[in-house]
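*Asks:* Everything below, folded, please.
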Amino acid sequence: MNKNSNTYQILYAAVMVVLVGTALAFIYMSLKPRQDENIANDKRRQILSAVHVTVPEDSIRDAYKQYITAGMVVDQQGEPVDTTLEAAFAVDMSKENKLPADQRKRPVFVGTMTDGSTKYIIPVYGAGLWGPIWGYIALNDDGNTIYGANFSHQGETPGLGARITEDAFQQEFVDKRLYKNDQFLSVEIVKQGQKPTNDADYVDAISGATITSRGVGSMMHSGLELYDGFLKKLQNNNTNNQ
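*Replies:* Numbers count the residues shown, from 1 in each chain. Next comes the predicted model:
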């Protein structure tokens, strides 16, 4: 075949495309299990961080098994519809966030601390300035008081909105309450020097990152409000056990 002909060049290009495509597909399939495990480990790390557990990268899986002892998916009334940790972990909050509120899955992770106390970790998902933001809010067994929080983002500005991932900001949520007088208020994020008008607990917004700060506040309110039925059950159980 004439190597200078159009037919040869077309066939050569087609063969190269097939070979390169096959090689890339093989590499992707070979690396995908490791990529999936890295993504899962990062999710485990964020959940653990919400209950103040920080461990080396190679210990995340073991620490997760140690501290996250149960999980469930609850319905709008707070009743479990699946009581497996695997089902809770498999929920994709980015997809659930696009559904009507009454159709969303509501995963809950149950943490058991070294002192024997139980924490309930709830995922939340929202929007920042430049893209998605998300987090995990750990609550005490009273169903009201925040034990810890972890926030992450996709593309917020370093030194500004990206500071939602810093311990200094996340620690501000510890011991804040979601309910006052049996009314769900969440935790407001306000400019320094200001206070909410509804008597809600609050934290100061990040200076220079007003939109991202508001995004965190909105994400917490809309995300945690979905669990009102579940949180009320925790509160009632806590009252009955006192």
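*Asks:* model confidence over the longest strand along the chain, on average?
*Replies:* Longest among the strand segments of the chain by residue count, using DSSP state E, is strand 118-127. Strand 118-127 shows an average pLDDT of 97 in the prediction.
*Asks:* what about the following helix or strand past that strand, distance to the chain center?
*Replies:* Stepping forward along the backbone from strand 118-127, the first helix or strand reached (DSSP states H and E) is strand 132-139. Averaging C-alpha coordinates over strand 132-139 and over its chain gives two centres that are 4 Å apart (Cα atoms, centre = their mean, to the nearest Å).
*Asks:* Quick one: find the helix or strand in the protein with the lowest mean pLDDT.
*Replies:* The weakest-scoring helix or strand in the chain, judged by mean pLDDT, DSSP states H and E, is helix 6-50 (a mean of 77).
*Asks:* what's that helix packed up against?
*Replies:* Contacting helix 6-50 under the criterion 3 or more Cβ pairs under 8 Å, 6 or more residues apart in numbering; DSSP states H and E are the following elements: helix 60-67, strand 68-74, strand 132-139, strand 146-153. (C-beta placed from N, C-alpha, C; glycine too.)
*Asks:* Tell me how far that helix lies from the chain's centre.
*Replies:* Averaging C-alpha positions (Cα atoms, centre = their mean) puts helix 6-50 26 Å from its chain's average.
*Asks:* Find the nearest non-adjacent residue to the residue nearest to the spatial centre of the chain, please.
*Replies:* Centroid-nearest residue in the chain, with Cα atoms, centre = their mean: residue 135, separated by 3.6 Å. Excluding the flanking residues, the one nearest residue 135 by Cβ to Cβ, 6 or more residues apart in numbering is residue 151, at 4.0 Å.
*Asks:* Please name the residues that touch the one you found.
*Replies:* Under the criterion of Cβ atoms under 8 Å, 6 or more residues apart in numbering, the contact list for residue 151 reads 133, 134, 135, 164, 165, 169, 170, 216.
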